[in-house]
Each structure stands twice: as C-alpha cells, then as structure tokens.
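J.: pasting the sequence and the predicted coordinates here, then a few questions.
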Amino acid sequence: MELVSKKKLMLFSGSGNTDLAEEIAADLKTELGEVKRSRFANGELYCRLGQSVRGADVFIIQGHCDPINEHIIEHLLMIDAAKRASAKRITAVCPYYGYSRQDRKAEGREPISARLMADLITVAGADRVLAVDLHTGQIQGFFDCPVDHLTAVPMLAEHMAGVLDRSVDVTVVSPDAGGGKLARRFANNLADYGVEPDLAFIDKRRPKGTHNVAVATEIVGEVEGRQCLLVDDIIDTAGTVVSAAELLTRRGASSVSILATHGLLSGPAVDRLKNGPIREVVVTNTLPISSDKLFDNLSVLSIAPIIAQAIDAVFEDTSVSELFKGDNT
C-alpha cells in the first residue's frame with residue numbers, strides 16, 4: 001500500500017498579540033485556528049486547540065508581553081497540546097522572546113533565564129523556533145532544535161532611508177559598545193539606499209546590581225552637525241536611549257532618531273521619549289502597543305510580512321536566510 005503524503009499548514013495564536021497574528025494569517029492567505037481558553041478558580045490557565053492537528057505542520061504564535069509570565073505559560077500549554085494531538089511538526093513563533101536579556105551571569109548566584117526559556121519551549125514539544133531579533137545571537141545555541149532568527153533591520157533601514165535629509169551627513173549610533181554589530185548591519189542596509197553613514201557608539205555605565213538604570217557618559221565617533229540614528233533591539237524604560245539622545249544633542253547632533261525592533265515601552269518610557277530631544281521613534285509591532293502608549297513622533301512598522309515569509313519558507317522547506325541575504329545571524 002502506498003500513501004501520497006500531503007503537507008498541511010495550521011496557524012494558531014496565543015492571546016499575547018492577536019492583532020499581529022491576524023496580520024500574519026492574512027499575509028499567508030489562511031485563517032487562525034480556534035483556541036479555547038479558560039481559567040480555573042485558582043488562576044491556572046487552560047488551553048485547548050479547537051480542531052484536529054494530526055499530521056499537520058503547526059505554527060503557534062505568541063507575544064511574550066505583559067503579563068509576560070502568563071503569556072509564556074499559555075505558549076507552553078498550546079505547544080504541549082499540539083504535541084499530544086499528534087502534530088507532525090510544531091514551530092514556536094516568538095516575535096519577542098521573553099527573558100532574552102538574561103542570557104549570561106553578570107553576578108554570582110544568578111540564573112541564565114534565556115537558557116531556561118529555551119529548555120521549557122523544547123521540553124514542551126517545539127521542533128523548531130522562529131524569533132525576531134534576539135537580544136544576542138548566541139541565544140540560538142541555547143536550543144537543541146533549529147532556530148530561524150529573523151531581523152527587522154532591513155525594514156527599519158528602508159523606513160529611515162525615506163525620511164532622512166540627504167543634504168545632511170548621517171551617523172548610526174550604538175547606545176553601548178556591545179551593540180556595534182547591530183549598528184554595522186543597520187549602516188550596511190542604509191548603504192543599499194544610497195546613504196553612506198559613519199558609525200559611533202556610546203560609553204554606557206550601568207550601576208552594579210541594578211536593572212533598567214544606565215547613564216551615557218561619552219561618545220566615540222563623529223556626531224556634530226549630523227543626523228544621528230540610535231539603533232537598539234529593545235526599548236524598555238527608555239532610560240538608555242534617552243540618556244544617549246541627550247548626550248548626542250549636547251555634542252551638537254542636528255537631530256536624533258531612535259530605532260528598535262521591540263517596543264516594550266515600560267513604566268516611564270513614553271514620558272521620557274515624548275520629552276526627550278528626539279525627532280522620531282521607530283519600533284515594530286512584535287509587541288502590542290496600546291493606545292495610551294502612542295505619541296506624535298512614534299512610528300510603528302508591521303513585522304507581519306517578514307514573519308509570514310519566514311513561516312512560508314519553513315513550511316515549504318526553503319531557505320529562511322535567503323530572505324535576509326544571509327544577514328540574520
């Protein structure tokens with residue numbers, strides 16, 4: 001007896017970022033699968049996939065956003081449900097990978113939480129992971145399964161190339177020394193649009209034992225009279241980038257724009273960004289941005305087309321790296 005196998009793509013979404021998931025589904029010309037959710041009296045979460053996934057190539061999208069721990073648990077439950085329902089392959093789609101900044105031990109007796117997250121996702125049953133702009137590329141090595149690392153850098157560069165004043169020189173600035181690789185990639189993408197920027201970076205100091213506290217102290221590079229583009233992967237409380245923008249302005253920058261893939265915009269971030277010397281803030285919708293966090297000079301770009309292209313490539317067993325010309329490591 002012979003059977004001709006068929007591949008079936010099924011897309012499910014957690015409750016973390018349903019707007020993005022619906023955009024991805026529309027780009028793929030498919031529909032999101034039904035998920036039944038409820039909560040037990042003691043607060044435990046319950047998830048059940050509303051249709052058969054036996055033999056299917058299942059992609060489970062979840063935004064690891066506030067409340068982040070609940071959304072991570074929901075993601076794990078949905079992956080486990082798909083595994084126990086005999087899905088052929090399960091891909092965990094993490095537009096923003098939670099706990100990614102805790103990727104090393106900075107002090108004694110600390111966890112490496114990004115590694116723990118990788119273990120949880122793998123043990124839950126994911127055969128593959130798809131994530132956008134991990135805090136550090138080596139997080140891919142925390143997984144014992146394939147990881148498709150996507151990047152929003154080309155999209156952010158395309159946006160800025162369309163709004164820059166071509167008569168004024170441009171400097172791409174990393175808010176810390178560790179972000180030099182990201183700044184270089186962004187500068188290379190700008191060059192594709194005829195912009196030849198210089199590079200600079202900020203010497204940032206973070207008091208030991210603190211979180212979300214950083215002070216920009218010095219600039220390495222030419223910024224006077226230039227359009228400065230501060231490039232980072234995450235804007236959380238915005239303390240780092242606003243401190244850097246203030247320093248760049250004091251050193252004579254003609255304008256400062258801030259670009260990041262993930263706009264967490266926690267706590268005082270919105271007030272800091274609105275009141276800082278910043279021409280424009282550009283983020284993507286890897287995380288949902290509520291209406292109370294929107295402000296006049298904030299631009300939110302949709303990451304959905306990039307994720308949809310990657311899902312399609314994974315489903316058809318073609319190269320994901322080719323979508324980014326190999327510049328997504």
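T.: Arrived safely, thanks for sending.

J.: which helices and strands sit right next to the helix ranked longest in the chain?
T.: Longest helix in the chain, counting residues (DSSP state H): helix 68-84. Applying 3 or more CB pairs under 8 Å, 6 or more residues apart in numbering; DSSP states H and E, one finds that helix 68-84 contacts strand 45-49, strand 57-61, strand 89-94, helix 113-124. The way it works is simple: take the backbone N, C-alpha and C, and place the C-beta from them, glycine included.

J.: so what does the first one touch, helix or strand wise?
T.: It refers to strand 45-49. If you count contacts as 3+ CB pairs under 8 Å, 6+ apart, strand 45-49 packs onto strand 35-39, helix 68-84.

J.: list the buried residues in it.
T.: When burial is assessed from 16 or more other CB atoms under 10 Å, strand 45-49 yields the following buried residues: L45, C47, L49.

J.: on that earlier part again, for the helices and strands packed on helix 68-84, give me JSON lines that also has distance to I307 and mean pLDDT.
T.: JSON lines is the format used below for those (distance: least, CB to CB, whole Å; pLDDT from 0 to 100):
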{"stretch": "strand 45-49", "distance to I307": "20", "mean pLDDT": "98"}
{"stretch": "strand 57-61", "distance to I307": "8", "mean pLDDT": "98"}
{"stretch": "strand 89-94", "distance to I307": "7", "mean pLDDT": "98"}
{"stretch": "helix 113-124", "distance to I307": "17", "mean pLDDT": "98"}
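
J.: of these, which approaches L20 most closely?
T.: L20 lies closest to strand 57-61 among the helices and strands packed on helix 68-84, at 7.3 Å (CB to CB).

J.: can you say which helix or strand has P154 in it?
T.: Here P154 sits within helix 153-161, counting by DSSP states H and E.

J.: need the contact partners of the helix or strand hosting V173.
T.: Using DSSP H and E, the element containing V173 is strand 170-174. The contact list for strand 170-174 (CB atoms under 8 Å, 6 or more residues apart in numbering) reads 164, 180, 182-183, 186-187, 190, 195-202, 219, 221-223, 226-232, 244, 248, 253.
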